[in-house]
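Visitor: here is my input, please return the structure:
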Amino acid sequence: MQTCVGALAVLLLAALPCHASDATPLGKVIKMLDEMAVKGQAEKNEEEVKFAAFSTWCSGQTTSKTEEIKAGEAEMEMQAATIQKAAARIRSLTARVHELDEDVSRWNQDKKSASTVRASEKADYTSTAADYSESLDALDQAITVLKKRSADTAQADLIQTVAKVHQLKLVPMKAKKALSAFLQQGQPDGLAYEAPEANAYESQSGGVVEMLEKLKVEFAGKKSELDKEEMNAHHAFEQIMQMLSDNIENAEFEISKKRTGTAETQKLKAETEGNLAATTADKNEDVKYKQDMVSLCKLKKTDFESRQKLRGDEIAALKQAVEIMQSQGVKGSGDKHLPTLLQYHRERKVSLAQLRNNDYNPLQARISSFLAGRAKTIDSRLLAMVSQRVAADPFTKVKKMVKDLISKLMAEGTEETEHKGWCDTELTTNKQTRDKKSAEVSKYNAEIEDLNAEISQLGQDLEDLHAGVAELTEAMATATSTRTDAKAANAATIKEAKEAQAGVSSAVAILKDFYAKSAEATAFTQQTVKAKKGPADDAPETFEGSYKGQMGEGGSVVDFLEVILSDFARLESETASSEAMEADNYEKYMNDSKMDKALKENMIGHKENTKVDKESEVHSTGRDLKSTQEQLDKAMAYYEKLKPTCVDSGITYEERVKRREQEIQSLQEALKILAGTDIA
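Guide: Predicted structure coming up:
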């Protein structure tokens with residue numbers, strides 16, 4: 001926080017006009033103190049003139065505000081009476097609207113109930129009328145058939161027609177018994193509907209026809225009565241609905257009229273209430289204005305007397321502070337250190353962590369490029385795809401992916417072992433031998449290449465480690481020289497900062513003592529609360545508030561002096577802290593560097609021993625490779641004998657094996673490139 005304040009002080013002081021004699025921060029503060037003394041004297045003379053005009057204004061305001069307050073109170077009484085009358089009319093209209101709303105709700109419910117009953121009646125009529133119509137059609141058909149009965153009429157048609165009438169639900173039970181008896185004539189096993197092949201026989205049917213005609217007349221009469229009842233019920237329903245609709249329409253018209261009256265009355269009431277609120281606010285504002293004016297006039301008089309005395313005391317304190325600040329102990333030390341304090345600390349910030357560099361490993365891009373070239377050479381889409389995956393996948397997954405693909409390709413090789421007859425057996429055996437020996441040869445080649453890659457990487461690591469040890473030795477020597485110079489500079493700065501603090505503290509004490517006394521002498525006058533538009537806005541220009549000295553400028557000068565004091569204190573404190581921190585960082589850096597150097601020297605010995613072991617393994621694996629290669633050559637020679645009779649034309653098994661071997665070899669070579677990253 002002190003660092004920010006110190007920087008702010010430097011920026012503010014730099015904004016002041018300066019000459020050759022006051023170009024330093026302390027010179028600018030001294031010039032400001034001189035200007036404050038001149039300004040204080042001029043303002044003291046100006047206040048005497050302004051206060052005379054203000055006293056004349058105070059005496060002419062009391063009478064006019066008293067008359068305005070009385071007129072406002074009379075207007076408020078009239079507006080309150082109008083509001084009470086409007087409220088009574090609104091209550092009456094609202095009660096009538098509520099009563100009509102209940103009637104409309106009840107009539108709407110009656111319309112709904114009547115519609116429900118009417119719908120039920122209509123459904124019953126429709127169902128019953130349909131039954132009568134069906135019954136009349138069946139009776140007409142049966143009567144016609146019975147009356148036209150002749151020797152060439154089939155008895156089956158007669159029985160079906162009469163049976164249909166028998167099944168009607170509106171036919172009385174007595175009639176159904178008669179029909180059953182008629183149908184059973186000539187049917188000993190009861191009512192049967194399978195007509196015999198013989199023509200219809202003559203029977204005593206006159207009674208049946210007569211009975212059916214009576215039923216037809218009866219049903220026709222009942223249907224006519226049913227239709228008449230439906231027509232009457234519909235007419236009565238329409239009359240009820242019309243009456244209820246008329247009642248609702250009349251009530252809604254009256255409701256609309258009452259609500260319009262209510263709205264108009266509410267509008268009048270709201271407008272009057274707004275006018276009453278405005279009148280009340282104006283009256284209250286006039287009362288407040290009068291009270292503030294009386295308080296303001298008293299306050300200004302008291303403040304004027306206090307200001308005149310305080311200005312003389314302030315000028316004397318400012319001059320005394322100038323004498324102290326111009327002393328050699330304060331001004332000389334300040335001119336030397338303060339302008340460059342911020343830049344000094346910025347230049348001293350050095351990070352020891354930057355002495356080390358990060359390594360970059362380009363193996364991933366190298367493997368991707370290598371596989372892409374092999375894919376183009378042997379026309380392998382698999383290697384092209386792997387090349388893209390190596391470039392895109394995370395580096396830690398690349399080696400596992402390549403090994404998995406090698407395993408997959410080897411597994412695919414063993415799957416192509418089927419062949420028919422003797423060729424299958426011989427080629428399979430030969431292929432297994434060649435695959436096994438090829439895998440062993442590839443394995444030994446891969447091991448040798450891995451070992452060579454490790455040996456190469458170990459050589460590079462040893463070179464890097466030796467270079468790192470040399471760099472550490474040089475960096476440690478540079479750090480020791482820098483630490484010695486910084487320690488001497490810090491000791492000199494701390495001594496000078498202590499001497500300057502004593503002088504600045506004396507000047508600050510003088511000014512702070514004066515402004516503290518001036519604040520206590522006029523503290524009781526800070527009571528004015530400014531209204532929306534108060535007497536302070538209308539009064540002739542005098543001065544704002546009570547005078548406590550040039551607090552804005554005086555306070556700023558004291559602040560600047562305190563900042564300069566804090567800068568000297570901060571210079572001492574931060575220099576001491578910086579010395580301790582730099583000493584501690586130096587010790588930590590030297591300890592870390594010694595440990596790092598010892599670790600690198602230890603790794604040099606370890607990697608040299610590992611390199612010797614790897615070179616020995618290369619020779620041993622080479623012997624195994626030579627023996628396995630001889631066995632593979634024999635298997636390949638036997639395979640050449642089998643080719644004329646056992647290999648088809650076109651793409652051969654060997655061609656597929658060769659491409660797969662090239663893909664495996666390319667992937668194994670990629671693994672050899674990767675092997676160098678495993679040492680660390």
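Visitor: right, and G534 touches V294 too?
Guide: No - under the criterion of C-beta atoms under 8 Å, G534 makes no contact with V294, lying 11.7 Å away. Where C-beta positions appear, they are placed from N, C-alpha and C, glycine not excepted.
Visitor: the more surrounded of the two?
Guide: G534 (19 against 15; other C-beta atoms under 10 Å).
Visitor: tell me the contacts of the more buried one?
Guide: By C-beta atoms under 8 Å, 6 or more residues apart in numbering, G534 lies in contact with 288-289, 292-293, 296.
Visitor: repeat that with 6 Å
Guide: Residues in contact with G534 (C-beta atoms under 6 Å, 6 or more residues apart in numbering) are D292.
Visitor: the one 5 residues further on too?
Guide: In this structure, A539 makes contact with 54, 57, judged by C-beta under 6 Å, 6+ apart.
Visitor: state the helix or strand in which E630 lies.
Guide: Take DSSP states H and E as the rule and E630 turns out to sit in helix 551-646.
Visitor: then I448?
Guide: helix 421-522.
Visitor: check which helices and strands that helix sits against.
Guide: helix 206-325, helix 328-337, helix 551-646, helix 653-675 (3 or more C-beta pairs under 6 Å, 6 or more residues apart in numbering; DSSP states H and E).
Visitor: identify whichever of the ones you listed lies nearest to T473.
Guide: When the helices and strands packed on helix 421-522 are compared by C-beta to C-beta, helix 551-646 sits nearest T473, at 7.3 Å.
Visitor: now the closest one: average pLDDT?
Guide: When pLDDT is averaged along helix 551-646, the result is 82.
Visitor: just want the angle from it to helix 421-522.
Guide: 180 degrees (axes from the mean of the first three to the mean of the last three C-alpha atoms, to 10 degrees).
Visitor: pull the distance from helix 551-646 to the chain's centre.
Guide: Distance of helix 551-646 from the chain centroid (C-alpha atoms, centre = their mean, to the nearest Å) equals 41 Å.
Visitor: other SSEs contacting that helix?
Guide: Secondary-structure packing of helix 551-646 (3+ C-beta pairs under 6 Å, 6+ apart): helix 2-14, helix 25-59, helix 421-522.
Visitor: please repeat the previous calculation with a cut-off of 8 Å.
Guide: helix 2-14, helix 25-59, helix 206-325, helix 328-337, helix 341-348, helix 421-522 (3 or more C-beta pairs under 8 Å, 6 or more residues apart in numbering; DSSP states H and E).
Visitor: can you tell me the SS state at L170?
Guide: Counting by DSSP: H, G, I helix; E, B strand; the rest coil, the backbone at L170 sits in coil.
Visitor: tell me the angle of the helix holding E630 relative to helix 206-325?
Guide: Helix 551-646 runs at 120 degrees relative to helix 206-325, counting by the same axes, to 10 degrees.
Visitor: and helix 551-646 with helix 653-675, angle?
Guide: If you take the same axes, to 10 degrees, helix 551-646 sits at 150 degrees to helix 653-675.
Visitor: and the angle from helix 551-646 to helix 25-59?
Guide: Going by the same axes, to 10 degrees, helix 551-646 is angled at 120 degrees with respect to helix 25-59.
Visitor: surely Q266 meets I90?
Guide: Yes - at 6.1 Å, Q266 counts as touching I90 under the criterion of C-beta under 8 Å.
Visitor: low-confidence ranges, the stretch 51-200 of the chain, go.
Guide: 149-157, 185-200 (pLDDT under 70).
Visitor: typo on my end, the stretch 201-350 of the chain
Guide: 201-206, 328-350.
Visitor: give the buried residues for stretch 439-451.
Guide: Residues of stretch 439-451 classed as buried: 439-442, 444-451 (neighbour count, 16 or more other C-beta atoms under 10 Å).
Visitor: any chance of these in TSV, plus pLDDT and distance to F253?
Guide: Output for the buried residues of stretch 439-451, formatted as TSV (pLDDT from 0 to 100; distance: C-beta to C-beta, whole Å):
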residue	pLDDT	distance to F253
A439	89	105
E440	86	110
V441	87	111
S442	89	105
Y444	85	111
N445	90	108
A446	89	104
E447	86	108
I448	87	111
E449	88	106
D450	89	104
L451	87	109
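Visitor: pipe these into TSV and attach distance to E630 per row.
Guide: As requested, the buried residues of stretch 439-451 are exported to TSV (distance: C-beta to C-beta, whole Å):
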residue	distance to E630
A439	16
E440	12
V441	10
S442	16
Y444	13
N445	15
A446	19
E447	18
I448	17
E449	20
D450	23
L451	22
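Visitor: point out the most buried one among the helices and strands packed on helix 421-522.
Guide: Highest mean neighbour count among the helices and strands packed on helix 421-522 (mean count of other C-beta atoms under 10 Å): helix 653-675, with a mean of 19.
Visitor: centre of the chain to it, how far?
Guide: 51 Å.
Visitor: mean confidence score for that helix?
Guide: 78.
Visitor: so which elements touch that helix?
Guide: Of the remaining helices and strands, those touching helix 653-675 by 3+ C-beta pairs under 8 Å, 6+ apart are helix 363-378, helix 381-392, helix 395-415, helix 421-522.
Visitor: ok, now which ones touch the residue lying closest to T493 once chain neighbours are set aside?
Guide: Take T493 and drop its neighbours on the chain: the residue closest to it by C-beta to C-beta, 6 or more residues apart in numbering is T575, 4.8 Å away. Going by C-beta under 8 Å, 6+ apart, T575 touches 490, 493-494, 497.
Visitor: farthest-separated two in these?
Guide: Within the contacts of T575, two members stand farthest from each other by C-beta to C-beta: N490 and A497, at 10.7 Å.
Visitor: tell me which of these two has more neighbours.
Guide: Set N490 next to A497 and count neighbours by other C-beta under 10 Å: A497 wins out with 23 against 19.
Visitor: that one is in contact with E572, isn't it?
Guide: Yes - A497 lies in contact with E572 (C-beta under 8 Å); the separation is 4.0 Å.
Visitor: let me see the domain layout of this structure.
Guide: Annotated domains of the chain cover 1-41, 66-280, 423-678 [automatic domain parsing].
Visitor: what angle separates whichever strand or helix holds K65 from helix 206-325?
Guide: Assessed by DSSP H and E, K65 sits inside helix 62-147. Computed by the same axes, to 10 degrees, the angle separating helix 62-147 from helix 206-325 equals 160 degrees.
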